[in-house]
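Asker: All I have is the shape, not the residue letters:
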């Protein structure tokens, strides 16, 4: 055997080094984009392109394991840094003034989503205990995967697997997330339609429905050398500051992933920059660097998800299939009951509340994209709901990640 083959194949394991793994992840991301554009079922359920490409690789790796006994292991050392860049970018894009523009409805929805996370995790932990598992395993089929989504699942998986000793944490969480995404798409519209018919609701007469803008009419972001370099500078500052924030959080006795510190650091830098230089100083021209931040954020998240998924060992799920199936059925039922009997009532029992209810499936089971897609479908059928479209993206895009990190950190001790 040549030195190269000896280095790649050791004791029935195929090792893929960091450069090869990173290059393969780019190819898989392109493959996922192509499949997501051509396969109807992937478009219908809004399955992200990195998930398609990464799971395709994981399926091939699983087939190799069952067919030949060969294990494939990837060096994914670049993966975690990509996640930090994404959350730092998310923080820098958070406008504090906009976050609080939703008023009472925003506050109520944040409290409802926060309370539901606790219920969701309690159910998951109870089911794990009933199946004789570590109760903390249930968090991976609770708010980690269902409310948090793919990014949160993969961000927490190393903590659950390495620190808590829960085998197959990533595989379990990602399987739950995939089922949750589909369920969120299925239940959102019917729940809203049921509430509208039962309570004979209609949109406000003065609400205008914006069905979208043609791509050719939309303004195009302009990328330039200065803006991208400025974006990299502030993102790196957020990462360095985030490391200090994470250290302080750890000293306070709360164990949270490093991305939480980067998210908080990005929020703080954005708030400080807008306060000190509201008109934009030489080093704080947010409008100029925003396209660069968005580009780096999209690449970072896409590559992170692809690299994390391609390294999954799907055969680890075999022993947990019964637990996963029963727990998800109960989680979906809990989400529907909570939406109809709690969210609808506390959000105001009107048409806007109904549209929020259509989105709550996405908030509690799927993703921001699923929540917005459900709202779009309902409003195109019944009429506009401008307040719902204001508060739901704010809750999904900012508050959910922060509150969820705190809830998971407290319950995973």
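Answerer: Received the coordinates, thanks. Given the structure is predicted, the values throughout are model-derived calculations rather than measurements.
Asker: Low-confidence stretches in the stretch 51-200 of the chain?
Answerer: 96-102 (pLDDT under 70).
Asker: hey, where'd the helices end up in it?
Answerer: Along the stretch 51-200 of the chain, counting by DSSP state H, counting those that start in this stretch, helices occupy 79-92, 96-99, 103-130, 149-158, 169-199.
Asker: Mean neighbour count and distance to residue 312 added to the ones you listed, as JSON lines?
Answerer: (Glycine included, C-beta is placed from N, CA and C.) Formatted as JSON lines, these follow (neighbours: other C-beta atoms under 10 Å; distance: least, C-beta to C-beta, whole Å):
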{"stretch": "helix 79-92", "mean neighbour count": "24", "distance to residue 312": "12"}
{"stretch": "helix 96-99", "mean neighbour count": "12", "distance to residue 312": "34"}
{"stretch": "helix 103-130", "mean neighbour count": "19", "distance to residue 312": "20"}
{"stretch": "helix 149-158", "mean neighbour count": "24", "distance to residue 312": "9"}
{"stretch": "helix 169-199", "mean neighbour count": "21", "distance to residue 312": "5"}
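Asker: okay, the ones you listed in a markdown table with distance to residue 295 next?
Answerer: Shown next, in a markdown table, are these (distance: least, C-beta to C-beta, whole Å):
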| stretch | distance to residue 295 |
| --- | --- |
| helix 79-92 | 9 |
| helix 96-99 | 21 |
| helix 103-130 | 29 |
| helix 149-158 | 18 |
| helix 169-199 | 25 |
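Asker: so what's the residue most central in space within the chain up against?
Answerer: Geometric centre of the chain, nearest residue: residue 149, 3.6 Å, by C-alpha atoms, centre = their mean. Remark: with contacts taken as C-beta atoms under 8 Å, 6 or more residues apart in numbering, residue 149 is in contact with 177, 366, 367, 368.
Asker: switch the cut-off to 7 Å
Answerer: 177, 367 (C-beta atoms under 7 Å, 6 or more residues apart in numbering).
Asker: Can you tell me how far it is from residue 355?
Answerer: 21 Å (C-beta to C-beta, to the nearest Å).
Asker: average pLDDT across stretch 25-43?
Answerer: For stretch 25-43, mean pLDDT is 86.
Asker: now do stretch 240-251
Answerer: Here the average pLDDT along stretch 240-251 is 87.
Asker: Okay, buried residues for it please.
Answerer: 241, 242, 245, 246, 249 (16 or more other C-beta atoms under 10 Å).
Asker: For my notes, confirm the fourth one occurs in a helix.
Answerer: Yes: using DSSP: H, G, I helix; E, B strand; the rest coil, the secondary structure at residue 246 is a helix.
Asker: so who does it touch?
Answerer: Contacts of residue 246 by C-beta under 7 Å, 6+ apart are 258, 260, 261.
Asker: Ok, the third one next?
Answerer: If you count contacts by C-beta under 7 Å, 6+ apart, residue 245 has them with 261, 264, 265.
Asker: I'd like those as TSV, with pLDDT, distance to residue 112 and secondary structure appended.
Answerer: TSV is the format used below for these (pLDDT from 0 to 100; distance: C-beta to C-beta, whole Å; DSSP: H, G, I helix; E, B strand; the rest coil):
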residue	pLDDT	distance to residue 112	secondary structure
261	84	27	helix
264	84	23	helix
265	89	28	helix
